[in-house]
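Q: need a structure here:
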Amino acid sequence: MITILYVEHADSNAVKHVRKGLEKAFPGFSCEISQETLPVPKDAYDPARNQYNSSIILSSILEYPKKHKADRVLGITDLDLYIPHLNFVFGEAQYLGKAAIISLHRVKPEFYGQQPNYRLFCERAVKEAIHEIGHTMGLSHCNNINCVMFFSLHIGMTDRKDPSFCEICHNRLASRS
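A: The predicted structure is shown next:
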């Protein structure tokens, strides 16, 4: 089971799209949206950057599967995330682990000065969710620019990739099941 956990707040309709996208990408897993909301640890905020350290939040998310019946937990937030040495991240995951997080902050077209486009916003969120859950299942970054596991340095790279795995990543995922 993949559990989606709100971290502070996130667009609930986008979260529902993410749920559907995860169920399609990982047909062997059911997906539920938790009624709980995870508060953001105070030490995750960096006032100099006006961003939140995703690794600190990820550590808090890791506590959730210990207390609840969940194979994987995906935290979703509207907060702007970073990890040290990178300006921002769309998400972060525990490789071969139980937890991941994505941010909806930089997948919104409005962030880039574009007109709101809810379809594009949800499409981007789904891709990032599949990507991070893929890491929890042992997939690393892929060299295929169309594969959902391709690393996105910027939103254009997210837009270019598909919301699905290339044949190689699909086979790797199937062999791990």
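Q: Thr37 looks like it's in a strand, true?
A: Yes - applying DSSP: H, G, I helix; E, B strand; the rest coil, one finds Thr37 inside a strand.
Q: partner residues bridging Tyr82?
A: Asn53 (DSSP bridges).
Q: residue contacts, the residue lying closest to Arg124 once chain neighbours are set aside?
A: Spatially, and ignoring its direct neighbours in sequence, Arg124 is nearest to Val107 (3.8 Å; C-beta to C-beta, 6 or more residues apart in numbering). Placement of C-beta: from N, CA and C, glycine included. In this structure, Val107 makes contact with Phe90, Phe121, Arg124, Ala125, Glu128, Ile155, Thr158, judged by C-beta atoms under 8 Å, 6 or more residues apart in numbering.
Q: now do Glu110
A: Taking C-beta under 8 Å, 6+ apart as the test, what Glu110 contacts is Pro116.
Q: tell me where the chain has strands.
A: 2-7, 31-38, 45-46, 51-53, 72-77, 81-82, 91-93, 99-103 (DSSP state E).
Q: just name the most buried of those.
A: Most buried of the strands of the chain, by mean neighbour count (mean count of other C-beta atoms under 10 Å): strand 99-103, with a mean of 28.
Q: elements contacting that strand?
A: helix 54-61, strand 72-77, strand 91-93, helix 118-136 (3 or more C-beta pairs under 8 Å, 6 or more residues apart in numbering; DSSP states H and E).
Q: what's the angle from the last one to strand 2-7?
A: This points to helix 118-136. Helix 118-136 runs at 120 degrees relative to strand 2-7, counting by axes from the mean of the first three to the mean of the last three C-alpha atoms, to 10 degrees.
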